[in-house]
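**Student:** Attaching a predicted model along with its sequence, questions to come.
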Amino acid sequence: MTARIDHTVTSGTFSLDGGTFDVDNNVWVVGDDHECVVIDAPHDVAAIREVVGGRRVLAVVCTHAHDDHVRKAPELAAEVNAPILLHPEDRVLWDLTHPDSEPDGDLADNQVIQVAGVELHVLHTPGHAPGAVCLYFPSLATVFTGDTLFAGGPGATGRSFSDFDVIVASIRDRLLPLPEETEVHPGHGESTTIGAVRLEFDDWVKRD
């Protein structure tokens, strides 16, 4: 079967630095009729399992460890018997939400994960969080950017463990070189393309 992208939106909260905010999170599931990976596990295990259906989940892949992206990761992983994968530099954030549990494996820059006959390429893109990653599927012409890149600008960098200059470098050096037709699917909000981001990038940098 041909690999495809399935999607749902779940609602909940994001908390950091003493503030709590209402958020809607995209959840992306990539696979075929038999197996898949889940990208982030924010607020609602039942909603994610509905998208997964009866497929085997190879991994719950975390773009970063802010609580609105990993809050339900241990519960989901236990229910579908899949490992949680996270870049080790985001353990400091993971431990804020899950001090009594650990991810099952590390993500590394340029790591390749196979799912449904396609390759998932891990791109370490720090800035929004130290261990933030983007997940590039060349054969699907798609990159999942978590909170590193949105339609309209870079991810937020005004909170702990974030850095504007670092996120700008991550976008410039790791994402802008991707083919312009690459679809950008973020952790929140609407999708865009690398081509559109290239046109807007210089203005984003000047505006900050």
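**Tutor:** That came through, no problem.
**Student:** From residue 3, how far off is residue 109?
**Tutor:** 23 Å (CB to CB, to the nearest Å). Placement of C-beta: from N, CA and C, glycine included.
**Student:** How about residue 195?
**Tutor:** Residue 195 is 23 Å from residue 3, by CB to CB.
**Student:** For those two, indicate the residue with more neighbours.
**Tutor:** It is residue 3, of residue 195 and residue 3, that has more neighbours when counted by other CB atoms under 10 Å, with 18 against 14.
**Student:** So in the protein, which helix runs the longest?
**Tutor:** Longest helix in the chain, counting residues (DSSP state H): helix 194-207.
**Student:** Could you pull out the buried residues of it?
**Tutor:** The neighbour-count check on helix 194-207 (16 or more other CB atoms under 10 Å) flags 194, 197, 201 as buried.
**Student:** now do stretch 138-154
**Tutor:** Going by 16+ other CB under 10 Å, stretch 138-154 has these buried residues: 140, 142-151, 153-154.
**Student:** Next, count neighbours for residue 157.
**Tutor:** With other CB under 10 Å as criterion, residue 157 counts 18.
**Student:** switch to numbering from 42
**Tutor:** Will do, 42 is the new start, and the previous item becomes residue 198.
**Student:** Tell me the confidence at it?
**Tutor:** Confidence at residue 198, expressed as pLDDT, is 95.
**Student:** ok, it to residue 175 distance?
**Tutor:** Distance from residue 198 to residue 175, by CB to CB: 16 Å.
**Student:** Can you show me the strands along this structure?
**Tutor:** Taking DSSP state E as the criterion, the chain carries its strands at 45-57, 60-72, 76-80, 97-102, 125-127, 146-147, 153-156, 159-165, 174-178, 183-187, 190-191, 194-195, 224-227, 233-234.
**Student:** Pick the most buried one from these.
**Tutor:** Comparing the strands of the chain by mean neighbour count (mean count of other CB atoms under 10 Å), strand 183-187 comes out on top with a mean of 27.
**Student:** Show me what that strand is packed against.
**Tutor:** For strand 183-187, the elements it packs on are strand 174-178, strand 224-227, judged by 3 or more CB pairs under 8 Å, 6 or more residues apart in numbering; DSSP states H and E.
**Student:** Could you export the first one as CSV, CA atoms only?
**Tutor:** Same thing as strand 174-178. The C-alpha trace of strand 174-178 is given here as CSV (Å, rounded to 0.1, in the frame of the first residue of the first chain):
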residue,chain,number,x,y,z
VAL,A,174,13.3,18.1,15.4
CYS,A,175,11.6,18.2,12.1
LEU,A,176,10.6,15.0,10.3
TYR,A,177,11.2,15.0,6.5
PHE,A,178,9.6,12.4,4.2
